[in-house]
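Undergrad: Predicted model and sequence follow; I will ask about them next.
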Amino acid sequence: MLTCAKFGLMLLLMVGCTQSTDPLVEFDTPIPIENPVGKTILSPVTFDAVYENPITYEDMHEFLYPSSNWIAIQGLKDETIQANINAAVKEAYDRLITYAKLESLPPYRGLKKKIEDDSIGYPTVSTAVSYNKNNILSIVVNGQYQFISKDGSQQVFVSAVEALNFDLTTGRQLKIGDLFTNDTPAKDILDPLVFELIRLKSSEYIDSSNYPFVGGYGFLEEVSPFKGVQGNQVFSLDTTGLNLYFDYRTPHFDTRNLTFMFTIPFALIESNFAGTLRYQSETSPFLKKVASYSYLYTHSGQKRITIQDDSTMDGHPYYRYISYPETTEPWVVDRIHAIDDSSSQRINALFDGKITYAYRSIVFYTVGPYSNIDVYTSIQGVDRYVYLQEHESYDETHKRIVFKELFVEGYDISPLLRKKINEQLSYFNSEWGMTDHIETYLANLSFKVDFQGITVDSYAESSFNHNVYMIQIHLGYDEIGCENLKMFADYFN
């Protein structure tokens, strides 16, 4: 998810301008969401691994605006498609740069009345790739503007966004309807989610006098009845979900001259999201072979069952926390409760002595076809402590995965793993003697299949102070080499 760039002064730009009247914006005529273009995809969709499009992109700058940038991509076989994409991005950048002139500002409600005629605008326009998977490319051009009156007594901030989403096989810019399956209207999927997001961002939900900003944005005030998502909706993708932008093109709202971004998590639209499948092609549009795979974030936004309580266990205070999605399969729920029931036994095995406080959390989520149970244990004693994280990962057949089973035959993960362990242990106090326990760390490791790699946790007890010290290692899929992982083997055969 992109964050808003900081407002900055651009001393080289001194653009004075005369004030014009606000243009009328037609918002009573609905714009239909067009039917998707491309392969027919029907629900339910299940997310598998996605590949990184093997293209490169370069930041481009001009002398007048060194803090601003646009990008140019390279790596497509079709040079005409590539040139057209780059021209569209540059055109969007140029358009946003002109918004530093008062007469060119987008028609936000009442904006021209808020800015003095002699105000000078200072722009910062930043361009970045937010999504680059499975032949779709999302580019967001984010404009931030500071208008200062000639005498310096007034400052007004304005923001504007252009989002460009391309099918890299044709160069066509996607519309919101292109992202969803053919069997359910996109409006039926989006509108209930968007109306709830609007409610959460409105001053009716939170007292705007006490909380004038939510998530970095001002409150979204509805000034005329919102008719739902329209066919010209501005949007982008990232690895967590679908981003919708509300600004002057959604004039049912007073956005306070800003652009609001709402993120709809993939977890809420996965079964009807066609973006991972529709634009894949038998013939690659890229000059280089696809070599990088990962998973999209699909667990945020899910409705979850949460259990938390303070109690006493074996004579000491004990706090537990359990969380899993409402849709979790029974076999997982049974395993979660089995781990929970064994907490006393596990805590006593980890800590020999008087316990003053213990805490345990058990959290479940899925990554692609994999199921992860994360167990965090914290034990405090009179003069020592234990902190550690343990994991269980299961494949689509509900079989628990052994670490060595992650890798193709002939690949040895040991050199990379030992290097990472040594790096972690180098940060410890040398008196603790943890570098003497590398074999213990290797014996105690557990792991989870993560979105961008394998997360490994392990622990060992210091012979110096008898504390248990945890280490965590991230083994990125690209760092390992996707061709060396069984989960991606089918893509390389």
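TA: In hand now; what should we look at?
Undergrad: Let me know the helix or strand that Glu91 is in.
TA: Per DSSP states H and E, Glu91 falls inside helix 79-98.
Undergrad: And the very next helix or strand once past that helix, what's buried?
TA: As assigned by DSSP H and E, the chain's next helix or strand after helix 79-98 is helix 111-114. Residues of helix 111-114 classed as buried: Leu111, Lys112 (neighbour count, 16 or more other CB atoms under 10 Å). Glycine gets a C-beta too; all of them are placed from N, C-alpha and C.
Undergrad: immediately after helix 111-114, which helix or strand?
TA: strand 120-133.
Undergrad: Give me the buried positions along the next helix or strand after that next one.
TA: Per DSSP H and E, the first helix or strand lying C-terminal to strand 120-133 is strand 136-148. Judged by neighbour count using 16+ other CB under 10 Å, the buried positions of strand 136-148 are 136-148.
Undergrad: in the chain, what spans have low per-residue confidence?
TA: Under the criterion pLDDT under 70, the flagged ranges of the chain are 1-28, 201-219.
Undergrad: Could you rerun that using 80?
TA: 1-29, 109, 112, 199-222, 493 (pLDDT under 80).
Undergrad: Now do the phi/psi pair for the residue sitting nearest the centre point of it.
TA: Closest residue to the average C-alpha location of the chain: Thr240 at 3.6 Å, with CA atoms, centre = their mean. Main-chain dihedrals, Thr240, degrees, to the nearest 10: phi -100, psi -20.
Undergrad: what would the buried residues of strand 136-148 look like in TSV with distance to Asn372?
TA: TSV is the format used below for the buried residues of strand 136-148 (distance: CB to CB, whole Å):
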residue	distance to Asn372
Ile136	27
Leu137	30
Ser138	27
Ile139	32
Val140	30
Val141	36
Asn142	34
Gly143	40
Gln144	38
Tyr145	44
Gln146	45
Phe147	49
Ile148	51
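Undergrad: any idea how far the residue nearest to the centre of the chain lies from Phe266?
TA: Per CB to CB, to the nearest Å, Thr240 is found 7 Å from Phe266.
Undergrad: so what sits against both of these two?
TA: Shared contacts of Thr240 and Phe266, defined by CB atoms under 8 Å, 6 or more residues apart in numbering, are found at Leu296, Tyr297.
Undergrad: picking up where we left off before, helices or strands next to the helix holding Glu91 in the packing?
TA: When contacts are defined as 3 or more CB pairs under 8 Å, 6 or more residues apart in numbering; DSSP states H and E, helix 79-98 packs onto strand 70-74, strand 120-133, strand 136-148, strand 155-167.
Undergrad: at 10 Å what do you get?
TA: Where contact means 3 or more CB pairs under 10 Å, 6 or more residues apart in numbering; DSSP states H and E, helix 79-98 is packed against strand 56-60, strand 70-74, strand 120-133, strand 136-148, strand 155-167.
Undergrad: Nearest residue to Tyr459 in space, please, no chain neighbours.
TA: Distances taken as CB to CB, 6 or more residues apart in numbering place Leu388 nearest to Tyr459, at 4.3 Å, with adjacent residues excluded.
Undergrad: Could I get the contacting residues of that neighbour?
TA: If a contact means CB atoms under 10 Å, 6 or more residues apart in numbering, then Leu388 has 350, 375-379, 444, 446, 457-460, 468-472 as its contacts.
Undergrad: do the same with Met313
TA: Counting by CB under 10 Å, 6+ apart, Met313 has contacts Tyr319, Arg320, Ser343, Ser344, Ile347, Asn348, Ile355, Ala358, Arg360.
Undergrad: Spell out the secondary structure type for the last one.
TA: Translated: Arg360. Taking DSSP: H, G, I helix; E, B strand; the rest coil as the rule, one finds Arg360 in the strand state.
Undergrad: Would you confirm that it contacts Asp374?
TA: No: assessed by CB atoms under 10 Å, Arg360 is found out of contact with Asp374, at 11.1 Å.
Undergrad: ok, back up a step: quick check: of the buried residues of strand 136-148, which lies closest to Pro192?
TA: Ser138 (23.6 Å; CB to CB).
Undergrad: Looking at strand pairing, list the partners for that closest one.
TA: Counting by DSSP bridges, Ser138 is bridged to Tyr131, Asn165.
Undergrad: wait, it sits on Val234?
TA: No: applying CB under 10 Å as the test, Ser138 and Val234 come out as separate, 11.4 Å apart.
Undergrad: quick one, helices of the stretch 351-493 of the chain?
TA: Secondary structure of the stretch 351-493 of the chain by DSSP state H, counting those that start in this stretch: the helices cover 414-425, 438-443, 477-480, 489-492.
Undergrad: And the helices in the stretch 201-350 of the chain?
TA: Listed in chain order, the helices of the stretch 201-350 of the chain (DSSP H, counting those that start in this stretch) span 266-269, 330-341, 343-350.
Undergrad: I'd like those helices as JSON lines, with mean neighbour count and distance to Pro185 appended.
TA: Output for those, formatted as JSON lines (neighbours: other CB atoms under 10 Å; distance: least, CB to CB, whole Å):
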{"stretch": "helix 266-269", "mean neighbour count": "22", "distance to Pro185": "13"}
{"stretch": "helix 330-341", "mean neighbour count": "14", "distance to Pro185": "33"}
{"stretch": "helix 343-350", "mean neighbour count": "14", "distance to Pro185": "48"}
